[in-house]
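Novice: Fold the following, please.
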Amino acid sequence: MGHDHGHTHGMTATGRHRNRLIAVLAITLTVVLVQIVGGIVSGSLALLADAGHMLSDAAGVFVALLAAWIAARPASDLRTYGYQRAEVLAALANALVLIVISVVIFIEAIRRWGSEPEVQTDVMLYAAIVGAAANLISLLILRTAQKESLNVRGAYLEVLGDLLGSFAVIAAALTIMLTGLQAADTIASIVIAIMILPRAWHLLRDVVDVLLEASPKGVEVQMIREHILSVSGVVAVHDIHIWTITSGVPVFSAHVVVEDELLSARGADQVLDKLTTCLGSHFDTDHCTFQLEPASHAEHESHQHA
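Specialist: Model (predicted):
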């Protein structure tokens, strides 16, 4: 006997703030273009690194928008979970791009070290100030929304990180203007690359966990097993599987052995309702599937899965 509790949700918190994310994405991409042009004209590696940093932020905002869009896509017989894994694939691409950007910046910084070309600090400084101002505007746009949605909060933190990158470029430009130390540009670019790598690694690790269907972070399988066994009438539980379809969508399934007399229609419904309530309070998911088995069938089941 199987049982599943699923619910259709309205617009997600991310979806409600979609226009804010679109505005931030447009601002970020505009500044990326300004900084790329400014970096080429001025010869500043730090400015180009910051452009790469902002491009990664744009990718992060795009992933948040993608998550809002796929959440509204209906499931079908061909794709029973809809397109929810699209967010994970986009995040994978984002992580790989971040790593490539960091490696390219490091290689170029090493190549330049000791023979830094002269940087046009005025262009470098103006472009960095434009980037910092744009980041501040984006933070104001997302300030209230980030309290309601994890996806929006992720985009907010990415923009905040890029603001620090813009400050690094501004500091490098001022250092060169005041001291003539051209190496400040190379040092700033390395600092920005170092800021990118941890986020790329963290994102890549989370994506791999989802694709390998690892248990969601913070979920203790043993604790869930104990809670299931505490439900009246439950004798044993096996074949517990917990995985994630995409961020914020965990899924749970288990074979639950119950006392034979509870497998009447009314008894089974009562057990399933208790199990669903139990899982809902200890494991945040609407996707719980239970297969109820009579205790008299347990020995056959144990041989089958030995």
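Novice: gap between residue 42 and residue 290?
Specialist: 63 Å (CB to CB, to the nearest Å). For every residue, glycine as well, the C-beta is placed using N, CA and C.
Novice: quick one: residue 20 and residue 139 touch, right?
Specialist: No. With contacts counted by CB atoms under 8 Å, residue 20 stays clear of residue 139, the gap being 11.3 Å.
Novice: higher neighbour count, those two?
Specialist: residue 20 (21 against 17; other CB atoms under 10 Å).
Novice: So the more buried one, which state does it fall into?
Specialist: Under DSSP: H, G, I helix; E, B strand; the rest coil, the three-state class of residue 20 is helix.
Novice: residue ranges with poor pLDDT in the stretch 151-300 of the chain?
Specialist: 151-154, 247-248, 262, 264-267, 278, 280-286, 296-300 (pLDDT under 70).
Novice: Shouldn't residue 236 be within a helix?
Specialist: No. Counting by three-state DSSP, residue 236 falls outside a helix, being strand.
Novice: excluding its backbone neighbours, what's nearest it?
Specialist: residue 257 (4.1 Å; CB to CB, 6 or more residues apart in numbering).
Novice: isn't there a strand covering the one you found?
Specialist: Yes. Using three-state DSSP, the secondary structure at residue 257 is a strand.
Novice: With just CA atoms, put stretch 22-35 into CSV.
Specialist: The C-alpha coordinates for stretch 22-35 follow below in CSV (Å, rounded to 0.1, in the frame of the first residue of the first chain):
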residue,chain,number,x,y,z
ILE,A,22,15.1,41.3,-13.1
ALA,A,23,16.0,44.9,-12.2
VAL,A,24,19.1,43.8,-10.4
LEU,A,25,20.1,41.5,-13.3
ALA,A,26,19.8,44.4,-15.8
ILE,A,27,21.9,46.7,-13.6
THR,A,28,24.5,44.1,-13.0
LEU,A,29,24.9,43.2,-16.7
THR,A,30,25.1,46.9,-17.6
VAL,A,31,27.9,47.4,-15.1
VAL,A,32,29.7,44.3,-16.3
LEU,A,33,29.8,45.8,-19.8
VAL,A,34,31.1,49.1,-18.4
GLN,A,35,33.8,47.4,-16.4
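Novice: tell me which residues in that stretch are buried?
Specialist: Buried residues in stretch 22-35, counted by 16 or more other CB atoms under 10 Å: 24-25, 27-29, 31-32, 34-35.
Novice: likewise stretch 200-208?
Specialist: Under 16+ other CB under 10 Å, the buried positions of stretch 200-208 are 200, 203-204, 206-207.
Novice: Next up, the contacts around residue 169.
Specialist: Contacts for residue 169 (CB atoms under 8 Å, 6 or more residues apart in numbering) come out as 44, 46-47, 50, 124, 127-128, 131, 188, 192.
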